[in-house]
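1. The sequence isn't on hand, but the structure is:
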């Protein structure tokens with residue numbers, strides 16, 4: 001056992017070695033050890049202590065749970081309802097990289113994280129590729145407060161080939177009953193395609209068209225003007241070019257900060273940086289621009305690479321009050337093979353006040369809700385009743401009813417004389 005050790009004080013080294021000797025059973029002359037120091041005895045109470053604890057309990061840091069996929073903790077099948085439920089517990093403590101995405105100073109789960117979770121869920125439903133998400137609508141942001149823990153839940157209903165999904169979140173400690181803190185974030189459909197992987201995208205041709213280099217810091221400056229703050233773990237864009245028709249091309253590389261967590265950060269990081277690239281397009285507004293929906297996302301493949309390319313092509317630009325735009329986005333690997341294509345990505349201006357604090361009770365866009373409504377018992381007498389009907393998608397029973405006299409619930413004249421039908 002050493003008496004001196006480099007980088008440590010003399011007394012620390014000596015006392016550490018003395019303690020090890022005592023642990024090994026060596027008899028220590030404690031009187032001799034204290035000979036050069038003045039010691040005195042302290043009188044202790046003669047009655048038992050009251051056993052009251054005054055220690056400050058240390059809060060152990062929460063660890064990320066090992067799940068079925070990087071963004072899926074649990075999966076539950078409900079066969080009778082043809083439903084599968086996927087859940088992920090989400091907090092700043094368990095997913096510290098989320099703190100690198102802030103809007104108006106608040107931590108907000110990126111839209112790309114929702115898409116990545118949906119793709120993880122689709123992979124658990126079937127390992128077949130490619131996978132397609134379609135008619136996706138993003139209705140409400142997910143804000144995370146410090147110390148808050150929310151459960152993201154994806155509910156997939158239906159059977160192969162096309163299933164519908166809803167993505168909601170709720171307080172993890174709020175029990176089973178629905179509360180006013182529940183949030184509805186996305187809806188759409190998913191399916192697994194039987195087509196083979198698309199051919200090479202022609203990366204060199206696109207690079208020839210996009211010949212004008214842009215400063216990548218311009219993207220972050222424009223996003224900052226919209227009150228979007230991006231931390232270092234989300235800044236993957238290393239170079240940007242622009243073409244004459246407004247198309248954009250960027251090279252993406254995951255920063256060293258996240259390379260040790262690629263299994264968790266790769267999928268949402270890639271998608272979010274594709275969305276960030278749209279900030280390179282010069283805008284006439286400093287309003288907050290966020291994705292509100294997309295027509296179709298097809299996910300092909302993803303290999304262990306650290307260099308990617310993103311190509312964004314504008315389909316429609318509106319500079320009015322709504323300031324909306326539609327885009328076609330293609331994510332490529334370094335060899336030119338396609339990772340994913342996003343068609344009809346719609347970006348809209350959103351008031352930053354919808355993010356601030358807890359004022360998230362209204363949705364960004366309206367959701368269609370279909371409610372049953374009975375037909376009127378009797379049509380107004382002044383309404384004109386056509387004598388020729390053309391029906392689509394009806395069965396024989398409806399045709400026979402309409403063909404009979406007095407079929408229009410009390411209206412005897414005129415009697416329908418000609419009916420054409422497409423089943």
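-> Perfect, thanks for sending it. Keep in mind that what you see is a predicted model, and the values were worked out from it rather than measured.

2. Just give the nearest non-adjacent residue to residue 220, would you?
-> residue 230 (6.3 Å; CB to CB, 6 or more residues apart in numbering). C-beta coordinates here come from the backbone N, C-alpha and C atoms, glycine included.

3. so where's the stretch 151-300 of the chain uncertain?
-> Scanning the stretch 151-300 of the chain for pLDDT under 70 picks out 174-180, 196-200, 283-285.

4. tell me the contacts of the residue nearest to residue 220?
-> Counting by CB atoms under 8 Å, 6 or more residues apart in numbering, residue 230 touches 100, 101, 220, 223, 276.

5. Which one (most neighbours) among these?
-> Top of the contacts of residue 230 by neighbour number is residue 276, holding 25 neighbours under the definition other CB atoms under 10 Å.

6. Could you tell me how far the nearest residue to that one once chain neighbours are set aside is located from residue 250?
-> Excluding its sequence neighbours, the residue lying closest to residue 276 (CB to CB, 6+ apart) is residue 219, at 6.0 Å. As defined by CB to CB, to the nearest Å, residue 219 lies at a distance of 9 Å from residue 250.

7. rewinding a little: how close does the residue nearest to residue 220 get to residue 206?
-> 25 Å.

8. Over to residue 163?
-> Note on residue 163: its distance to residue 206, by CB to CB, is 34 Å.

9. just residue 291 next, same as before
-> Distance of residue 291 to residue 206, given as CB to CB: 22 Å.

10. Would you mind telling me which of those two has the busier surroundings?
-> residue 291 (22 against 19).

11. Not including adjacent chain positions, what is the nearest residue to the more buried one?
-> residue 111 (4.9 Å).

12. since we're on the one you found, how many residues are nearby?
-> Residue 111 has 25 nearby residues by other CB under 10 Å.

13. contacting residues around it?
-> Residue 111 makes contact with 138, 272, 275, 290, 291, according to CB under 8 Å, 6+ apart.

14. please redo it, this time with the cut-off set to 10 Å
-> The neighbourhood of residue 111, defined by CB atoms under 10 Å, 6 or more residues apart in numbering, consists of 101, 136, 138, 141-142, 185-186, 268, 271-272, 275, 290-294, 345.

15. Likewise for residue 99?
-> Residues near residue 99 by CB under 10 Å, 6+ apart: 92, 93, 107, 144, 146, 231, 233.

16. my read: the first one touches residue 143, true?
-> No. Proximity of residue 92 to residue 143 does not meet the contact threshold set by CB atoms under 10 Å, at 11.1 Å.

17. Quick check: neighbours shared by the two?
-> Overlap of the contact sets of residue 92 and residue 143 (by CB under 10 Å, 6+ apart) consists of residue 107.

18. Which one's more surrounded, those two?
-> Per other CB under 10 Å, whichever of residue 92 and residue 143 has more neighbours is residue 143, with 22 against 17.

19. who's that one bridged to?
-> residue 108 (DSSP bridges).

20. Tell me, what's the model's pLDDT at it?
-> The per-residue pLDDT reported for residue 143 equals 89.

21. how much space between it and residue 289?
-> Distance, residue 143 to residue 289, by CB to CB: 18 Å.

22. ok so, going back, touching, the residue nearest to residue 276 and residue 280? I think so.
-> Yes. Applying CB under 10 Å as the test, residue 219 and residue 280 come out as touching, 5.1 Å apart.
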